[in-house]
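Visitor: Structure for the following, please:
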Amino acid sequence: MVPKPNLSKLVLPADLRNPGYDLFIVVATVLSLINWIILVMPRLPGPDVKGLVIMMTPLLTVILLSDFAMRLHSSRPERMRYLNHRGGWFDFLGSLPYGGILRLFRLIRVTAAFRHFGTRNVARWFIANRARGTLFLVFSLILIILEVGGILVLHFEAGAPGANIESGGQALWWGVVTISTVGYGELYPVTMGGQITATVMIFSGVAVIGIYTAWAASTFTGTGAGTTKGGPTSEITVAPEPAEYPPGPIHDVIHDLRERLDHLESLVKRRDP
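Guide: Here you go, the predicted structure:
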């Protein structure tokens, strides 16, 4: 059996709500920074990548603004300290569609909190909170697959003979349908590169749906490891392990077991004809 990690008390830094959620925010922040760079570039090698990026912007904006609202709400009664001394105003301005370089402050602060918490403690948190960590990992993968898959399929398909995925909106819609494994069929890749991209996205979608289904099953049946009711907490506590042996010296335990076995043996001999 694999030994359980000692999780008596893991104190989270002030800038971490929980490592799984903050990993998701890091992914969303990095993607929003990449999209901002794409939008300000005068020329791009691929066709209509800016159209795809523009359609992804509202989703990332909602995620970052929701993160700011939750951090502001949880920082009471020291909300002004969060806004003025812990980068709250930068979080708000960087969450806006064209916040641009201000998003770096959120990324730097959260990654610094991860370093302060330590790689080993992050791994221990994910072991103790597999259900919540898996859920946020699924959300992170969905964002990455949608954007990277859309850009790749546009690169291969746009302008190809017989292609029907030639705009950012079509690529994004095709990515959603492919990840969800619905496969309506009105949009499909015709080039070798596009078909390889589609294959990777299909397998990724199956894995993502499988992970999400396992999380939902473990949550509703109450068997999810490391699930806790309520919001994120600053400490992780684990119930003490039951004692392997009764209290007392080990030879007393062995002596008691021998007496019980002798008694059982005598009862069996009395019943033996």
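Visitor: Which stretches in the stretch 101-250 of the chain count as helices?
Guide: Secondary structure of the stretch 101-250 of the chain (DSSP state H, counting those that start in this stretch): helices at 103-117, 119-128, 130-157, 168-179, 192-221, 250-271.
Visitor: Now do the third one and helix 119-128, the angle between them.
Guide: It refers to helix 130-157. 100 degrees (axes from the mean of the first three to the mean of the last three Cα atoms, to 10 degrees).
Visitor: quick one: helix 130-157 to helix 192-221, angle?
Guide: Following the same axes, to 10 degrees, one obtains 160 degrees for the angle between helix 130-157 and helix 192-221.
Visitor: So which bits of helix 130-157 are buried?
Guide: 130-143, 145-157 (16 or more other Cβ atoms under 10 Å). For glycine as for every other residue, the C-beta is placed from the backbone atoms N, C-alpha and C.
Visitor: now swap in the fourth one and tell me
Guide: Across helix 168-179, burial judged by 16+ other Cβ under 10 Å covers 168, 170, 171, 172, 173, 174, 175, 177, 178, 179.
Visitor: could I get the residues you listed as JSON lines with distance to residue 71 and pLDDT?
Guide: Supplementary listing: the buried residues of helix 168-179 in JSON lines, determined by distance: Cβ to Cβ, whole Å; pLDDT from 0 to 100:
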{"residue": "168", "distance to residue 71": "31", "pLDDT": "87"}
{"residue": "170", "distance to residue 71": "36", "pLDDT": "89"}
{"residue": "171", "distance to residue 71": "33", "pLDDT": "90"}
{"residue": "172", "distance to residue 71": "29", "pLDDT": "90"}
{"residue": "173", "distance to residue 71": "33", "pLDDT": "91"}
{"residue": "174", "distance to residue 71": "35", "pLDDT": "91"}
{"residue": "175", "distance to residue 71": "30", "pLDDT": "90"}
{"residue": "177", "distance to residue 71": "34", "pLDDT": "89"}
{"residue": "178", "distance to residue 71": "34", "pLDDT": "89"}
{"residue": "179", "distance to residue 71": "29", "pLDDT": "88"}
